[in-house]
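Asker: Structure here, sequence nowhere to be found:
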Ligand SMILES: [Zn+2]
Ligand SMILES: [Zn+2]
């Protein structure tokens, strides 16, 4: 049985969540979590981007200090996949500013150049060629950037999850089982798990009442027979 120790994916008012960083942190403390990741949308999301990255970091840092005896607060971002070459929206001056990098495809990102806009914005084709291009984009992104977690893989664009899992296992990127967008089927999870890839289970909470709400993701992980060692934010049994 898997018990989750910390939430890897939460949004705040800095993008389009409804809670403050402090409210998210307090909700996580109430749940008895050991850590919480604040992971608002990357700067190149058209509408839900972090408006002021410095203010965001400052806010998280203040909460990290204020609650240091209760919980570990991690500064994260949910970056956007911006191109088939695997670009994502991490400004170079912030290369080392975050504790954890999440990355996902969002249809309202500012994709780079005409070619990427055409590819990522047109009605989503499930043709073999489109799937191959999407899959390669994720693989390129892992090669080009430090990505700790790929969020809601398959949400918005069709992708060969097993091929992404194989590469993720090689480079040490975890694949998210997202509670809000439960894209993984149980069968896919079982297949991906065989590659040795690790998973994260994230609430993707946009409101404080959803912090730590993992139910659909957890159910799938259990149906797929995942063990706590395969889930980066599972509680470890301490002997
Ligand atoms: Zn997302
Ligand atoms: Zn999210």
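Answerer: Received, thanks. Values in this document were obtained by computation on a predicted structure and should not be read as measured data. Numbers count the residues shown, from 1 in each chain. Ligands and ions are numbered 1, 2, ... in the order given.
Asker: Tell me how many other residues crowd the closest residue to residue 210 other than its chain neighbours.
Answerer: In this structure, residue 210 finds its nearest non-sequential neighbour in residue 203, 5.5 Å apart by C-beta to C-beta, 6 or more residues apart in numbering. C-beta: built from backbone N, CA, C; applies to glycine. When neighbours are defined as other C-beta atoms under 10 Å, residue 203 has 22 of them.
Asker: Can you give me the distance of residue 218 to ligand 1?
Answerer: Using C-beta to the ion, to the nearest Å, one gets 19 Å for the distance from residue 218 to ligand 1.
Asker: Please identify which helix or strand holds that residue.
Answerer: Taking DSSP states H and E as the definition, one finds residue 218 inside helix 215-223.
Asker: Buried residues, that helix. List them.
Answerer: 217-218, 220-221 (16 or more other C-beta atoms under 10 Å).
Asker: near ligand 2, from those?
Answerer: Applying C-beta under 5 Å from the ion to those, one finds that nothing falls near ligand 2.
Asker: Dump those to TSV, plus pLDDT.
Answerer: TSV is the format used below for those (pLDDT from 0 to 100):
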residue	pLDDT
217	97
218	96
220	96
221	97
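Asker: List of residues touching the helix or strand of the chain with the lowest mean pLDDT?
Answerer: Lowest mean confidence among the helices and strands of the chain (mean pLDDT, DSSP states H and E): helix 113-121, at a mean of 90. By C-beta atoms under 8 Å, 6 or more residues apart in numbering, the residues outside helix 113-121 that reach it are 81-84, 105, 107, 109, 111, 130, 133, 157.
Asker: Could you identify the buried members of those?
Answerer: Buried among the contacts of helix 113-121 (16+ other C-beta under 10 Å): 81-84, 105, 109, 111, 130, 133, 157.
Asker: Can you name the residue of this structure nearest to ligand 1?
Answerer: residue 104 (4.5 Å; C-beta to the ion).
Asker: just the strands in the chain please.
Answerer: 6-10, 35-41, 72-80, 100-104, 149-150, 174-178, 199-202 (DSSP state E).
Asker: Quick check: residues of this structure near ligand 1?
Answerer: The chain comes close to ligand 1 at residues 104, 151, as judged by C-beta under 5 Å from the ion.
Asker: pLDDT below threshold where in the chain?
Answerer: 123-124, 237-239 (pLDDT under 70).
Asker: Spatially central residue (nearest the centroid) of it, please.
Answerer: The chain has residue 151 as the residue nearest its centroid, 3.4 Å off, counting by C-alpha atoms, centre = their mean.
Asker: quick one: that one and residue 80 touch, right?
Answerer: No. Residue 151 is not in contact with residue 80 according to C-beta atoms under 8 Å; the separation is 10.2 Å.
Asker: shared neighbours of these two, anything?
Answerer: Shared contacts of residue 151 and residue 80, counting by C-beta under 8 Å, 6+ apart, come down to 103-104.
Asker: list the contacts for residue 216?
Answerer: Contacts of residue 216 by C-beta under 8 Å, 6+ apart are 179, 182.
Asker: Distance check, it against ligand 2.
Answerer: Where ligand 2 is concerned, residue 216 sits at a distance of 15 Å (C-beta to the ion).
Asker: what's the answer for residue 103, then?
Answerer: 11 Å.
Asker: what's that residue in contact with, if anything?
Answerer: Contacts of residue 103 by C-beta under 8 Å, 6+ apart are 78-81, 88, 141, 145, 147, 149-151.
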